[in-house]
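Trainee: Sequence below, structure please.
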Amino acid sequence: MTPATHSSSPSLSSSSSPSTRADIDYDVLIVGAGLSGVAAAHHLRERCPTARFAILESRSTMGGTWDLFRYPGVRSDSDMFTLGYSFRPWHSDKSISDGQTILDYIRGTAQASGIDKTIKFGHKVTGANWDSQDACWTVQVQRTEGNVEIETRYTCKFLYMCSGYYDYDEGHAPRWPDMEKFKGRIVHPQHWPAGLAYADKRVVVIGSGATAVTLVPAMADTAKHVTMLQRSPTYIFSLPARDKIANTLRKWLPSTLAHRLIRTKNVLLTMYLYNRARRKPEETKRLLIRAAGKQLGPGFDVDKHMTPRYNPWDQRLCLVPNADLFKAVRAGKASIATDEIECFTETGVRLRSGQHLDADLVITATGLKLKMLGGSVISVDGRQISLGDTVSYKGMMYSDIPNLASSFGYTNASWTLKAELIAQYVCRLVNHMKANHYDVCVPRLRDNEMGSLPAVDLTSGYIQRASNILPKQGLHKPWKYHQNYLLDLASLRFGALSDGVMQFERRPMTTVRLKREAQEHA
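Mentor: Now for the predicted structure:
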């Protein structure tokens, strides 16, 4: 799959061939059957009961991120009372949960409501073209039947991208000198081999992000020793894996009421801590570093290994449940090295300082590779669109791209909070257009408006590396990308649809529209 910045796009003509199937018309096509896609389908079914929709999933299973990642210890880095769905309460007593339990939860949610039956597996969206005359998307899909590549084309009124924001095919994998000399094994966590043995082995985990701080304590009990090798420190903080307040409320209150109270508590607490960190970065920095130092014990070089060069929330904070990483380091099962790699050797990694880290296994937890809209090529009337040239509308649509929304969650809170708000807004749009016989909804910049700021305001490497494919944001709403649930709640749930920016249009009756009318009245 390739980013939406390529210089050429695949043909989306309607001509038929032996490998091309007939068009199938939907009101909404959802791309992606992960956390966001299931939420989108649920809200469409509940709020737009007459809408015809389907979910296109490129992989053979559902679950998205939680099905893809299989490395040891994979877990949530947000509390499950907000990462879980508002419409299906999280019932486990663990607020920070393992990946398999989250995957089971997503699949169970889809199966309970029959959403799983709307998923077309093995359907990889490679491109989509908006036809202004017929007011519809033609979506190009590739799939395999046996050894034959099948090209399928679907049409839809509204295209809803829930495919996440990173490349499922490959992660970010930098190269270092002499990697080929290393006689051990090098593994990227995104492609964790089944049955990988690391018992009694010396392991070096390169990285200091969420994946690295998860892997190190998960492997430390079995491996001979695990070293987290970081080029620079990250803010790492500990929270209990179980939320005592939440479990007490669920013990004494009805399930639905308890869920709402817990969810509200966690939303407000997360917002408060984030805003406090941004208002008082030096104070927050001292608190985080002091807390880490206390848990790592006396003698640990906190200044070197736990003091980042940036302010809290310039990059995402890393959560460790029950201080598991700190406990592994303090017990001597794991260690942290802060240095740069000079080269690989036959037996490990040599650092710029001259230190040599012996290793039998090296894990390159070096981050994600971003890929917007699942890598599909988007065009309007045959003209390819680069998202890097667009401005984000309410963090979910793009300037001058009609009838398309994408699910992009929060970077400072649970992804699902924003994903559900977007799903509810899309339902409002679909119902509004149907009630008023509109064919088109498109956000348009006014003459004096422009987008000059990056839509994602983080200095993380994976964001900076993808700056050319990310949309921009403006200085004022609705072009400003809020990282604030309450502001988005007001805007997406209760704000006016006709805000002077979102334009609604009707089209003359065409063959495609006549076909739609016939289907709707069949």
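Trainee: how distant is the strand or helix carrying His42 from the center of its chain?
Mentor: Per DSSP states H and E: His42 is located in helix 35-47. With Cα atoms, centre = their mean, to the nearest Å as the basis, helix 35-47 stands 16 Å off its chain's centre.
Trainee: Which strands or helices does that helix pack on?
Mentor: The contact analysis (3 or more Cβ pairs under 8 Å, 6 or more residues apart in numbering; DSSP states H and E) places helix 35-47 against strand 25-31, strand 53-57, helix 99-112, helix 415-435. Every residue, glycine included, has its C-beta placed from N, CA and C.
Trainee: and if we set it to 10 Å?
Mentor: strand 25-31, strand 53-57, helix 65-68, helix 99-112, strand 119-121, strand 148-161, helix 415-435 (3 or more Cβ pairs under 10 Å, 6 or more residues apart in numbering; DSSP states H and E).
Trainee: by how many degrees do it and strand 148-161 diverge?
Mentor: 70 degrees (axes from the mean of the first three to the mean of the last three Cα atoms, to 10 degrees).
Trainee: Tell me what angle helix 35-47 forms with strand 53-57.
Mentor: 170 degrees.
Trainee: So for helix 35-47, what gets flagged as buried?
Mentor: Neighbour-count burial for helix 35-47 flags 35-45 (criterion: 16 or more other Cβ atoms under 10 Å).
Trainee: Helices of the stretch 201-350 of the chain, start to end?
Mentor: Here the stretch 201-350 of the chain has its helices, by DSSP state H, counting those that start in this stretch, at 210-220, 244-252, 255-279, 281-296, 302-305, 324-330.
Trainee: would you put the C-alpha positions of the fourth one in PDB?
Mentor: The one in question is helix 281-296. Provided in PDB are the C-alpha atoms of helix 281-296 (Å, rounded to 0.1, in the frame of the first residue of the first chain):
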ATOM      1  CA  PRO A 281       5.300  22.100  31.900                       C
ATOM      2  CA  GLU A 282       8.200  22.600  34.200                       C
ATOM      3  CA  GLU A 283       6.200  21.600  37.300                       C
ATOM      4  CA  THR A 284       4.700  18.500  35.500                       C
ATOM      5  CA  LYS A 285       8.200  17.600  34.300                       C
ATOM      6  CA  ARG A 286       9.600  17.600  37.800                       C
ATOM      7  CA  LEU A 287       6.700  15.500  39.100                       C
ATOM      8  CA  LEU A 288       7.000  12.900  36.400                       C
ATOM      9  CA  ILE A 289      10.800  12.600  36.800                       C
ATOM     10  CA  ARG A 290      10.600  12.500  40.600                       C
ATOM     11  CA  ALA A 291       8.000   9.800  40.500                       C
ATOM     12  CA  ALA A 292      10.000   7.700  38.100                       C
ATOM     13  CA  GLY A 293      13.100   8.200  40.200                       C
ATOM     14  CA  LYS A 294      11.400   7.200  43.400                       C
ATOM     15  CA  GLN A 295      10.200   3.900  41.800                       C
ATOM     16  CA  LEU A 296      13.500   3.100  40.200                       C
END
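Trainee: ok now that helix, how far from the chain's centre?
Mentor: Worked out by Cα atoms, centre = their mean, helix 281-296 lies 28 Å from the chain centre.
Trainee: what's in contact with it?
Mentor: Under the criterion Cβ atoms under 10 Å, 6 or more residues apart in numbering, residues 233, 235-238, 273-274, 276-278, 280, 300-303, 305-308, 310-314, 317, 320, 323, 325-327, 329-330, 336 lie in contact with helix 281-296.
Trainee: hmm, which of the residues you listed are the buried ones?
Mentor: Neighbour counting over the contacts of helix 281-296 (16+ other Cβ under 10 Å) leaves 233, 235-238, 273-274, 277, 300, 305-308, 310-314, 317, 320, 323, 325-327, 329, 336 as the buried ones.
Trainee: and the spatially most central residue of the chain, helix, strand or coil?
Mentor: Geometric centre of the chain, nearest residue: Gly164, 4.4 Å, by Cα atoms, centre = their mean. Secondary structure, DSSP: H, G, I helix; E, B strand; the rest coil: Gly164 is coil.
Trainee: Could I get the pLDDT score of it?
Mentor: At Gly164, the pLDDT value in this model is 85.
Trainee: can you check the one 3 residues further on too?
Mentor: What the model reports for Asp167 is a pLDDT of 82.
Trainee: can you tell me how far it sits from Gly374?
Mentor: Distance, Asp167 to Gly374, by Cβ to Cβ, to the nearest Å: 9 Å.
Trainee: Of those two, give the one with the bigger neighbour count.
Mentor: With neighbours defined as other Cβ atoms under 10 Å, Asp167 and Gly374 compare such that Gly374 has more, 23 against 20.
Trainee: check contacts around the more buried one.
Mentor: Contacts of Gly374 by Cβ under 10 Å, 6+ apart are 1, 4, 31-32, 56, 58, 124-126, 161-168, 406.
Trainee: want to throw the helices and strands packed on helix 35-47 into TSV with mean neighbour count and distance to Leu249?
Mentor: Shown next, in TSV, are the helices and strands packed on helix 35-47 (neighbours: other Cβ atoms under 10 Å; distance: least, Cβ to Cβ, whole Å):
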stretch	mean neighbour count	distance to Leu249
strand 25-31	24	33
strand 53-57	24	34
helix 65-68	20	26
helix 99-112	18	20
strand 119-121	17	34
strand 148-161	20	34
helix 415-435	21	19
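Trainee: Can you lay out these as a markdown table showing distance to Arg175?
Mentor: Listed next are the helices and strands packed on helix 35-47 as a markdown table, based on distance: least, Cβ to Cβ, whole Å:
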| stretch | distance to Arg175 |
| --- | --- |
| strand 25-31 | 32 |
| strand 53-57 | 32 |
| helix 65-68 | 23 |
| helix 99-112 | 28 |
| strand 119-121 | 34 |
| strand 148-161 | 32 |
| helix 415-435 | 31 |
